[in-house]
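Engineer: Build me a structure from this.
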Amino acid sequence: MNRIKLFPVVFTMMVFLGQIAYGQGTINKKRKCGTNEAHLALIQKDPTYLERYNKLQKFVNNFVLAHPDGYSPKVVVTVPVVFHIVLSSAQMSSFADSRIQEQITVLNQDYGGQNTHSMGSFATTLKANTDLQFCLAETDPSGNSTTGIEHLTSTHGAWYMSSDIKHTSTGGMDQWDPDKYLNIWVCDLGGGLCGWAQYPTAPLSNEFGLVCHYEYVGVTGASAPYNLGGTASHEIGHCFNLQHIWGDSGGCSPDDQCTDTPVQDAETYGAPTGVVTDACSAASPGIMYMNFLDYVDDIAYANFTPNQKTRIQACFAAGGSLEQLGQSDACQPSNGLNANFSGTPLTGNPPLSVTFTNSSTGVPPPNSWIWSFPGGTPSSFSGQTPPTIVYSTPGGFDVTLIVSNGTTTDTLTQNGYVQVNGPPPTANFAGNPLTVVVNGSVTFTDLSTNNPSSWVWNFPGGTPSSYSGLTPPPLVYSAVGVYNVSLSVANNNGGDTLIKTNYIHVVLPNYQHPVANFIAEQTTLLVGDSTNFIDLSTGIPLTWQWKFTGGTPSTANIQNPMNIKYNAVGNYLVTLTVANTNGSDSLKKQAYIHVVSNIGTQPPVVEFDASARLIPINTTIYFTDESTNNPQMWDWSFQGGSPATSDVQNPTGITYNNPGQYCVTLKVANLNGDDSLTKCEYIIVTPSYMNNYCDTITNIGHSESVCYRRLSDTWGMLPGPNGKGIKAYADKFTDYTWSEVDAILVPVKIASPGSSSSTIRFRIWGGSDIPSSELGYEDLLLNTFHSDYYKLVTFNPPVHVDGTFFVGWEVQYGTSDTLVVTMAVDRGPSGLNTLYVKQASNAWSTCKDVFGLTTSLGIEPVVCLISDVSVQKTEDNLLIFPNPSHDMINIQAEDENMLNGIEVKVFDMLGKLVNVTSGKPYANMMQLDFSNKNTGIYFLQIIKGNRITVKKISIY
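Structural biologist: Numbering: from 1, shown residues only. Model prediction:
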């Protein structure tokens, strides 16, 4: 099995070596790197390698995500290098050690961003200083002095890609400790192969490092076109986890994992200049052929990118596979005193406990250690091993160690060595104004908190469309529309993005004067608190003049002033004057801001209102808190709305994008307690604009039977006149959907007038527990009522209601007038009772308390939610029944002329038009057949001329 698994790699290697051999006789100056082939071979050879490689990539990718703006270490990382030169006698005689020092100089230029070669059409900001430098080791693994160069004369011949070069036992030279030295083997690799390397998988293997063809090392005497030291710069890039820029296979899908290198189809050869494009990067600036991870000649090599730098530094960061290599002191002379230490962990949230370890060396060794930990506890220590140092506040902190051996001292200070995280920034901003005419400009202000260090703005539809920095220039919008704005902020502790949808409104110039309107996010304040004001004016104002009596500042001239502070108890006036070229308008809200010194001793009582409740889709509305007893916290929930929650007193900008009936919940609180209120089916969102939305409601269940009672303990009937002297009957309804009662359907059981002029009064009451305030009434002649017949009682004008109301009639005594209606059968001792009776004493009681019954009246209020109170409704004299229904819905008019010219459309809950068969069995009645439709809720849209009425029906 192992031989079968290994065969593809062996075959690949054979083909590759064959190509090299062919190259010796034909094309011997075409760069070739064998790193990818070595990588594939290790996957087959070492069962643990792929897992270690994947862990490396995961660590590096997470590091890059945590540093979206790039990363620079606190100090430049210096990497000790050892060269193992294995050549034949003839080759060794022509290879001077000065070429090794030349190579170190080239590496420091290339990795320091000091390479002078052209970036072509790319920005010079893409030539990064990786904050890495290289030095020849001065101390060997035994602590002895060294030049960092060792030699071995060999008769082996070309090594190609054999790892034997890395082991003394197989004719090569053993690796030095890879956690302290970067090992570079220099040998004859045969024609066509410039070098190969291994990726830095942890733990570093005993073969980690790079191999370079001796002809392409250094400058003087090196073989053109690879005679400027670029081969080592390329291969070390692999040792630091960089991949070839084209992703090691053709096509545009492979990637080198770097966001700032263009996608590239294949490797590039020669010394191109200017713009070079391919199928993957077809437009200028084209492909980044000058990158050290491509295959061009040394003269064309120019850069590592900022993202490549971050990926490199990830390997040297805390927890990286090259962390120890970056801390190696092998560049120090073996007989010198060298202060050194390490700490772990070096980053984290406060309180951060850090353990420091002394690793100072010297001859003679140090015998005195003085530590300094500014920002830590304790802040200093004398001794070799300090206690755990605790950092309790965010920031970057230096650490200093001074060592002495009695004859000399050495000091090491690592600046910003300990990083204690603060909170990540929270993005926020404001624009002014938010509504502009075409070609108008908007100014944006950053309001982000927690000290961001970078800002990226995006302005779809604006010019410029994006900006990086704290304060963008004024944004110009040249096309009508509604536009989003986003801001992303970040610092070393993280990042945050805020998108304000439908934030900027761009309109055509208008010819109407503005109408002033506004709201405050919070109107009840404690002394010293602040609030924000939101402009709600219409007519496209261009200027705003605010006056805040008692506020600081006392005036403002922006659209939405923020942080207006009130420092004294009182009730304060707010005035807004808006203007455009067509005129101006002012609005004064007297005693609008209520400032108190304390919240009192009572818990709040919740109540609220909406600016509109019957709205078409994609409409934005606002809500007003009407709670009492000084609430200090607000928790809103908007079912179907966007945003779905808010914690300000008076939320604005709540948008409903989908048809439906939605609940709104508000919970308020202060130190004395809390209260909550949910108004269900409170916001009605329709597919298109509708004047009104109406329905009949009832307290009788679908399957309940109705009846009336002849009383046995006294004369008379229930509900009707009787010997208990009941003066009125009222049924309680709690329904936040509706804004008015237009009529009631009365299920008459017995009607008998005492005279032709006898009247009966139907009334609407307000109240919470019992009927209290009288909201409206309608008197009708009793002789217009007929036994076993529904009577439509119309209120003119309609009666305004809000949440809880009572509907019923007053009983006449002293004549032989009789009116009895149906009611639900007795529901039992624990059943629901909604019927209230007014006794002879004028006291209201439940039907259960007076008659021992739990029941509800059979009357059905016709209720409406009005979009515009000035719109005439068509349903005043229309009766829709039965509702709910199993099959047929009837629309009946008082006279047949009312049905002339009426169009009826049926929609389901999703706003989809439904085809329903209709007929006209009578001159004054239209009939809709739902017998073959699904059960559920439907809407009837009744259209007559330019007037539209909507009724909800239920099919079961």
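
Engineer: only C-alpha atoms for contact and neighbour calcs from this point on.
Structural biologist: Will do.

Engineer: I'd like the next helix or strand past the helix or strand of the chain with the lowest mean pLDDT.
Structural biologist: Least confident helix or strand, the chain: helix 2-25 with a mean of 32, by mean pLDDT, DSSP states H and E. Sequence-wise, the next helix or strand downstream of helix 2-25 (DSSP states H and E) is helix 35-45.

Engineer: Show me which residues of that next one are buried.
Structural biologist: 35-39, 41-44 (16 or more other CA atoms under 10 Å).

Engineer: now for it, which elements pack on it?
Structural biologist: Identification of packing neighbours for helix 35-45 by 3 or more CA pairs under 8 Å, 6 or more residues apart in numbering; DSSP states H and E yields helix 2-25, helix 49-66, strand 195-197.

Engineer: Checking His234 next. Helix, strand or coil?
Structural biologist: Put simply, His234 is helix when judged by DSSP: H, G, I helix; E, B strand; the rest coil.

Engineer: before we move on, the earlier item: just put the buried residues of helix 35-45 in a markdown table and tack on pLDDT and distance to Val263.
Structural biologist: Shown next, in a markdown table, are the buried residues of helix 35-45 (pLDDT from 0 to 100; distance: CA to CA, whole Å):
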| residue | pLDDT | distance to Val263 |
| --- | --- | --- |
| Thr35 | 96 | 20 |
| Asn36 | 94 | 18 |
| Glu37 | 93 | 22 |
| Ala38 | 94 | 24 |
| His39 | 95 | 22 |
| Ala41 | 93 | 26 |
| Leu42 | 95 | 27 |
| Ile43 | 94 | 26 |
| Gln44 | 93 | 29 |
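
Engineer: With distance to Asp298 added, can I get the residues you listed in JSON lines?
Structural biologist: Shown next, in JSON lines, are the buried residues of helix 35-45 (distance: CA to CA, whole Å):
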{"residue": "Thr35", "distance to Asp298": "18"}
{"residue": "Asn36", "distance to Asp298": "20"}
{"residue": "Glu37", "distance to Asp298": "22"}
{"residue": "Ala38", "distance to Asp298": "23"}
{"residue": "His39", "distance to Asp298": "24"}
{"residue": "Ala41", "distance to Asp298": "28"}
{"residue": "Leu42", "distance to Asp298": "29"}
{"residue": "Ile43", "distance to Asp298": "31"}
{"residue": "Gln44", "distance to Asp298": "33"}
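
Engineer: quick one: the helices in this structure?
Structural biologist: Assigned by DSSP state H, the helices in the chain fall at 2-25, 35-45, 49-66, 89-93, 98-111, 230-239, 306-316, 323-326, 847-851.

Engineer: Dump these into a markdown table; add distance to Pro423 as well.
Structural biologist: Listed next are the helices of the chain as a markdown table, based on distance: least, CA to CA, whole Å:
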| stretch | distance to Pro423 |
| --- | --- |
| helix 2-25 | 50 |
| helix 35-45 | 41 |
| helix 49-66 | 14 |
| helix 89-93 | 59 |
| helix 98-111 | 34 |
| helix 230-239 | 35 |
| helix 306-316 | 23 |
| helix 323-326 | 27 |
| helix 847-851 | 61 |
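
Engineer: among those helices, which is nearest Ser768?
Structural biologist: helix 847-851 (16.7 Å; CA to CA).

Engineer: Distance from the closest one to the middle of the chain?
Structural biologist: Mean C-alpha position of helix 847-851 versus that of the full chain (CA atoms, centre = their mean, to the nearest Å) differs by 56 Å.

Engineer: now swap in stretch 68-81 and tell me
Structural biologist: In terms of CA atoms, centre = their mean, the centre of stretch 68-81 is found 32 Å from the chain centre.

Engineer: In it, which of the residues would be classed as buried?
Structural biologist: Here stretch 68-81 shows 68-73, 77-81 as buried, counting by 16+ other CA under 10 Å.
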